[in-house]
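K.L.:
when you get a sec, could you give me coordinates for this:
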Amino acid sequence: MDVNHSTWARLRLELRVVGIAAPATALVAPLAGAVLVTTLHAAGAGAADLDRAAGAVLAGLAPLGAAVAAASIVGRDPGAELVMTATAYRRVLFLRVGLVVAATALVTLLDAVAFHALKAWPAGQGTGGYVLVWAPPMVWLVALAVLIAVALRSSAAASGLIGGVWTAQLLMARDIRPHAVLRAQYLFLGVADRVPAHDWTVNRIALPAIGVAAAVAAGLLLGRPDRLLGSDAA
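P.N.:
Here you go, the predicted model:
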């Protein structure tokens, strides 16, 4: 009982430190996306339009919102954190990011279930898409956003760069898809049209793999939390 009380007290503390801006940034995309797709469905939009809208929300907007929110958390109140060990700082930072991303993931999962029920669903995706459509892109974007924010000591720069990467992938789809390496790191694969099963599988594995590597790199850089002092990340 005491352990549970202590755990909830710690989570409430971390949420207060994070503030409202980061969770709001992360959640606005899947929530607004749910409203958009529901409205299109109610208005009688065509199946292809519904499918594209659902795919854009799940694979594009929700992961981007989570990544920008995660970047904004890096470096928050660094002066107070410096009294901790490097290991504790890593744990605190990843806990804060995890709280925001977990909330976004839950809402995005609910979106996916609702979209599937409305038959607003990316082409060729079965019920496995409840998670596979959005989770790999979210892991990829969030981890890279945190790594960039830590490396550059700037959450603003990380948000700008990750937004630039996201936009470039969106606009350069025709140039990315023919190249195996680039295609494996393409966030929107399978959103607008069917893709070979092999390409889909490689992409869904490669995205989180790079995300894990980026998270490990960020953790290594956080071995010196004092490097965030004087940054504009807070």
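K.L.:
mind giving me the packing neighbours of the one helix or strand Thr104 maps to?
P.N.:
Here Thr104, judged by DSSP states H and E, is contained in helix 86-117. Helices and strands touching helix 86-117, by 3 or more CB pairs under 8 Å, 6 or more residues apart in numbering; DSSP states H and E, are helix 2-18, helix 21-42, helix 62-73, helix 129-132, helix 135-152, helix 197-221. For glycine as for every other residue, the C-beta is placed from the backbone atoms N, C-alpha and C.
K.L.:
between those, which one is closest to Ala120.
P.N.:
Nearest to Ala120, of all the helices and strands packed on helix 86-117, is helix 21-42, at 5.2 Å by CB to CB.
K.L.:
name the residues of the closest one that are buried.
P.N.:
Going by neighbour count (16 or more other CB atoms under 10 Å), the buried part of helix 21-42 is 22-23, 25-27, 29-31, 33-34, 37, 40-41.
K.L.:
what's it packed up against?
P.N.:
Helices and strands touching helix 21-42, by 3+ CB pairs under 8 Å, 6+ apart, are helix 47-55, helix 62-73, helix 86-117.
K.L.:
distance from the chain centre to that helix, please.
P.N.:
14 Å (CA atoms, centre = their mean, to the nearest Å).
K.L.:
likewise stretch 89-98?
P.N.:
15 Å.
K.L.:
that stretch: which residues count as buried?
P.N.:
Residues of stretch 89-98 classed as buried by neighbour count (16+ other CB under 10 Å): 89-90, 92-94, 96-97.
K.L.:
by mean pLDDT, point me to the weakest helix or strand of this structure.
P.N.:
In the chain, the helix or strand scored least confidently by mean pLDDT, DSSP states H and E is helix 78-81, which has a mean of 55.
K.L.:
returning to what we had before: taking helix 62-73 as reference, get the angle to the helix holding Thr104.
P.N.:
If you take axes from the mean of the first three to the mean of the last three CA atoms, to 10 degrees, helix 86-117 sits at 160 degrees to helix 62-73.
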